[in-house]
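K.L.:
Structure here, sequence nowhere to be found:
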Ligand SMILES: Cc1ncc(COP(=O)(O)O)c(C=O)c1O
């Protein structure tokens, strides 16, 4: 057998998944849970021509649209195949074997996978019981031995780090020559970005995706935003065609039609209010969230496994129960619109009674 690279041989990935979720309630992966309307969808498709399928994508119009939308320069961005590829690009470009990488956990699982792939040593900073990060602890933990720190904001618990705290982290990191990734996958549900700080802080990389609020998870559109010197380095390992021409056309259409995105964000807000209000009445503990998902835990003595089975019998899929401290026993739901969240609460009520 031909020997695999040592670092790669230590990586395990999930087995192929042959299930179809098309007819299920997909409340488990933080995608858009509702479909686009027929009109919206046909308008999207009308952007495409046969040329878009046969020719390699022409991405500059999309780059130009993004630079105007985000108010940055062309040399401040790199499109990537989902933010997943953006994150991998950062590790591939900057992480040497033995480099220390601080990752706030829980987080998007691929941070740890890419860290292993490129030989980084993971230093874990765990969220606290109230689902927030201990910022002083994190600041104290930053030393010149660290090469990269990763924070998702909003984070994987639904909570946020306030901008002034983030700036403290970025500033201290800059003095210590530590690169900072702020993953803003869920930015649109919160609305405070650090993109504008790339001008002042040359160690800051912001990652964004079109998979969440834009509802285009399958099209694989992500981007990195940073000082041009960092982007030039990241550019060295970019794919020949960063994303497909088809994805670029639909991404452009969405930037021209942000009302579609805003309507969905509003649907999530309304759905979230229903969850807060109705679940509290049922004795379910909910955690405030700045994203399109929310942690919650059933009343004491409820059987969580039976609850999950009950939901799955009704074609409803959520995430959890989580096993590790401080989330043991907790569940996570991707938030849908009012109708979906009322339907979900009806099921919780039925199960608990
Ligand atoms: C925090 C975070 N970052 C990045 C991603 C990757 O998203 P994508 O590769 O679809 O852009 C996800 C996906 O769930 C995520 O939760």
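P.N.:
Thanks, I have the structure now. Computed from a predicted model, the values in this text were never measured in an experiment.
K.L.:
Residue 42 should be in a helix, yeah?
P.N.:
Yes: the assignment for residue 42, made by DSSP: H, G, I helix; E, B strand; the rest coil, places it in a helix.
K.L.:
Now do the same contact list for residue 118.
P.N.:
7, 91-92, 95-97 (C-beta atoms under 8 Å, 6 or more residues apart in numbering). Heads up, the C-betas are built off the backbone N, CA and C, glycines and all.
K.L.:
List only buried entries from the residues you listed.
P.N.:
91-92, 95 (16 or more other C-beta atoms under 10 Å).
K.L.:
Wait, residue 264 touches residue 33, no?
P.N.:
No: the pair residue 264 and residue 33 does not pass the contact test of C-beta atoms under 8 Å, sitting 9.4 Å apart.
K.L.:
Flag every residue of the stretch 151-300 of the chain that's near the ligand.
P.N.:
152, 156, 183, 185, 209, 211, 217, 222 (C-beta under 6 Å from any ligand atom).
K.L.:
could those residues be laid out in TSV, adding secondary structure and neighbour count?
P.N.:
TSV is the format used below for these (DSSP: H, G, I helix; E, B strand; the rest coil; neighbours: other C-beta atoms under 10 Å):
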residue	secondary structure	neighbour count
152	strand	23
156	coil	23
183	strand	26
185	coil	26
209	strand	25
211	coil	22
217	helix	17
222	strand	24
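K.L.:
From those residues, which shows the smallest pLDDT?
P.N.:
Across those, the bottom pLDDT score, 93, is held by residue 156.
K.L.:
ranges for the strands of the protein?
P.N.:
25-26, 77-80, 100-105, 121-126, 146-152, 179-183, 204-209, 222-226, 285-286, 293-297, 316-317, 331-334 (DSSP state E).
K.L.:
Tell me which of those approaches residue 49 most closely.
P.N.:
The closest of the strands of the chain to residue 49 is strand 77-80. By C-beta to C-beta, the value is 20.6 Å.
K.L.:
list the helices and strands the closest one packs on?
P.N.:
Helices and strands touching strand 77-80, by 3 or more C-beta pairs under 8 Å, 6 or more residues apart in numbering; DSSP states H and E, are helix 60-70, helix 82-94, strand 222-226, helix 228-235.
K.L.:
can you give me the angle the first one makes with strand 222-226?
P.N.:
Angle between the axes of helix 60-70 and strand 222-226 is 60 degrees (criterion: axes from the mean of the first three to the mean of the last three C-alpha atoms, to 10 degrees).
K.L.:
domain assignment for this protein?
P.N.:
Using automatic domain parsing, the domains assigned to the chain come out as 22-34+259-352, 38-256.
K.L.:
Adding distance to residue 16, write those domains out as TSV.
P.N.:
Shown next, in TSV, are these (distance: least, C-beta to C-beta, whole Å):
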stretch	distance to residue 16
domain 22-34+259-352	16
domain 38-256	17
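K.L.:
For the closest residue to residue 24 other than its chain neighbours, give me phi and psi.
P.N.:
Nearest non-adjacent residue to residue 24, counting by C-beta to C-beta, 6 or more residues apart in numbering: residue 315, 4.6 Å away. Here the main-chain torsion angles of residue 315 (degrees, to the nearest 10) amount to phi 60, psi 30.
K.L.:
returning to that earlier point: just the closest of the contacts of residue 118 to the ligand, please.
P.N.:
Using C-beta to the nearest ligand atom, residue 91 is the member of these that lies nearest the ligand, at 13.2 Å.
K.L.:
ok, now how distant is residue 160 from the ligand?
P.N.:
Distance, residue 160 to the ligand, using C-beta to the nearest ligand atom, to the nearest Å: 13 Å.
K.L.:
whoops, I mixed them up, residue 74
P.N.:
21 Å.
K.L.:
So residue 34 sits against residue 340, correct?
P.N.:
Yes: Residue 34 is in contact with residue 340 according to C-beta under 8 Å; the separation is 7.1 Å.
K.L.:
which of these two has more neighbours?
P.N.:
Neighbour comparison, residue 34 and residue 340: the larger count goes to residue 340, with 21 against 16 (by other C-beta atoms under 10 Å).
K.L.:
Wait, that one touches residue 32, no?
P.N.:
No: applying C-beta under 8 Å as the test, residue 340 and residue 32 come out as separate, 11.2 Å apart.
K.L.:
all helices in the chain, in order from the N-terminus.
P.N.:
Assigned by DSSP state H, the chain shows helices spanning 6-9, 38-45, 50-54, 60-70, 82-94, 110-117, 135-141, 163-175, 228-235, 245-256, 258-281, 304-313, 338-352.
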